[in-house]
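**Student:** fold the following for me, if possible:
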Amino acid sequence: MNTDPRSLIVLCGMDGSGKSLLVDRLKAFFQSYGLPATSIHAHTYTTAKTTFNSDEQTVKKYRLFWRLLIPFAFFDNLLTYFLQYRRAKRPGIIISDRYFYDKVVRLLYYKICPRWLAKIYLNSIPKPDHLFFLDVAASVAIKRKGEYNRVEQEKFRKHYLYAAKILKAPVINTGETIDKCISKIVTILDKKL
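**Tutor:** Numbers count the residues shown, from 1 in each chain. Just a heads-up that it's a prediction; the model follows:
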């Protein structure tokens, strides 16, 4: 296992793609090799607990207002990165369940941010050491976590795959077994190092 003991590993993906389970299993995997590993849920920000604490109808109603807040959300992402995620702050391997990219996908999903601006935003956010996008069929995601319907999950999936393409990040099919997913992630990490 050749993983840098101060790596930031990020897993992004729609609800029901298996992020939380994979984060826990990866943490246990690294710890079994004696590497210090912790996990975080990256929906905590510096200036606000969440950036979307509204229901979908409220977001649609005030879409223009939300668009005006995009620069502030970007600033909050940068501030959060430098205060919480940068290498000097890392006590060991940090495995993040979500990252700032998930917020950009939400901006796309709610039609607050056009694709051209999302592309700039995605490429401007400080990069983690390792990034993986998790993908699964909408029907599987719904069975795992039924918060969204099929149409909504398909829209989220499309936006996540767009973000993965822009960032040239590996996409892990989490419709496979958890052990296969872990194996693919570890193989990619070893090849990068």
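**Student:** what's near enough to touch residue 63?
**Tutor:** 110-112 (C-beta atoms under 8 Å, 6 or more residues apart in numbering). C-beta: built from backbone N, CA, C; applies to glycine.
**Student:** inside helices: which ones of these?
**Tutor:** Among those, none falls in helices (DSSP state H).
**Student:** ok, those vs residue 165, which is closest?
**Tutor:** The shortest approach to residue 165 among the contacts of residue 63 belongs to residue 111, at 19.3 Å (C-beta to C-beta).
**Student:** leaving out the residues flanking it, which one is nearest to the closest one?
**Tutor:** residue 63 (6.6 Å; C-beta to C-beta, 6 or more residues apart in numbering).
**Student:** got a ChimeraX select line for the buried ones in the contacts of residue 63?
**Tutor:** Only the buried entries of the contacts of residue 63 go into this ChimeraX selection, using 16 or more other C-beta atoms under 10 Å:
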select :110,112
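**Student:** TSV for the contacts of residue 63, including distance to residue 163?
**Tutor:** As requested, the contacts of residue 63 are exported to TSV (distance: C-beta to C-beta, whole Å):
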residue	distance to residue 163
110	15
111	15
112	15
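**Student:** in strands only, show me the contacts of residue 63.
**Tutor:** Among the contacts of residue 63, no member is found in strands (DSSP state E).
**Student:** pretty sure residue 188 sits against residue 170.
**Tutor:** Yes: using C-beta atoms under 8 Å, residue 188 makes contact with residue 170 at a distance of 5.5 Å.
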